[in-house]
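1. give me a 3D structure for the following:
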Amino acid sequence: MTGTVKPECRVVRPGGTYAGKQGFDYFEGIARETTGASAICMHLLTIPPGGRAKAHMHESHETAIYMLSGEAHTWYGERLEHHVVVKAGEMFYIPAGVPHLPANLSDAPASAVIARTDPHEQESVVLLPHLEALVPG
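-> Presented below is the predicted three-dimensional model:
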């Protein structure tokens, strides 16, 4: 991502990508670094067929997801004991501090718009490798 910019109204045309700590590549979107945002970020994510994130949580920010296409399986909870499938046209909310692991178990890409209450997006990501084996592979 680029350096911090002065906040002002601007159009962002997703083009470049960046590697998230979670193991996925995100399309650059709205963040402090691209627009000067102070309390929100919004990015596009396409999970390839069979793609799976690393178990993680966002320590201090909430996440809202809108599935554009495909479906994503997400395991969540202290021991990833809960499971939900989010399909195209549905929204999913993840509170701050909740461990989770999303995956695309289908043969087609799954795309989503992801909004978070942290303008830096990656700063409060905490990887949880000790939870990896709890989700079937």
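
2. the residue nearest in space to the middle of the chain and P99, how far apart?
-> When the chain is reduced to its mean C-alpha position, the nearest residue by Cα atoms, centre = their mean turns out to be I114, at 5.7 Å. From I114 across to P99, the span is 17 Å (Cβ to Cβ, to the nearest Å). Backbone N, C-alpha and C define where each C-beta goes, glycine included.

3. same thing with I65?
-> Per Cβ to Cβ, I65 is found 16 Å from P99.

4. one more: Y66?
-> Taking Cβ to Cβ as the measure, Y66 falls 22 Å from P99.

5. higher neighbour count, those two?
-> With other Cβ atoms under 10 Å as the criterion, Y66 and P99 differ in neighbour count, and P99 comes out ahead with 21 against 16.

6. next, the contact list for that one, please.
-> For P99, the set of contacting residues under the criterion of Cβ atoms under 8 Å, 6 or more residues apart in numbering consists of A55, H56, M57, Y76, G77, E78, L80, L128, L131.

7. next, format those residues as JSON lines and append secondary structure and distance to G137.
-> Converted to JSON lines, the contacts of P99 look like this (DSSP: H, G, I helix; E, B strand; the rest coil; distance: Cβ to Cβ, whole Å):
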{"residue": "A55", "secondary structure": "coil", "distance to G137": "12"}
{"residue": "H56", "secondary structure": "strand", "distance to G137": "17"}
{"residue": "M57", "secondary structure": "strand", "distance to G137": "20"}
{"residue": "Y76", "secondary structure": "strand", "distance to G137": "17"}
{"residue": "G77", "secondary structure": "coil", "distance to G137": "18"}
{"residue": "E78", "secondary structure": "coil", "distance to G137": "20"}
{"residue": "L80", "secondary structure": "coil", "distance to G137": "13"}
{"residue": "L128", "secondary structure": "coil", "distance to G137": "16"}
{"residue": "L131", "secondary structure": "helix", "distance to G137": "13"}
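
8. with these in mind, which one is nearest to E28?
-> The closest of the contacts of P99 to E28 turns out to be H56 (Cβ to Cβ; 19.8 Å).

9. that closest one touches F24, doesn't it?
-> No - no contact is recorded between H56 and F24 when judged using Cβ atoms under 8 Å, the distance being 10.6 Å.
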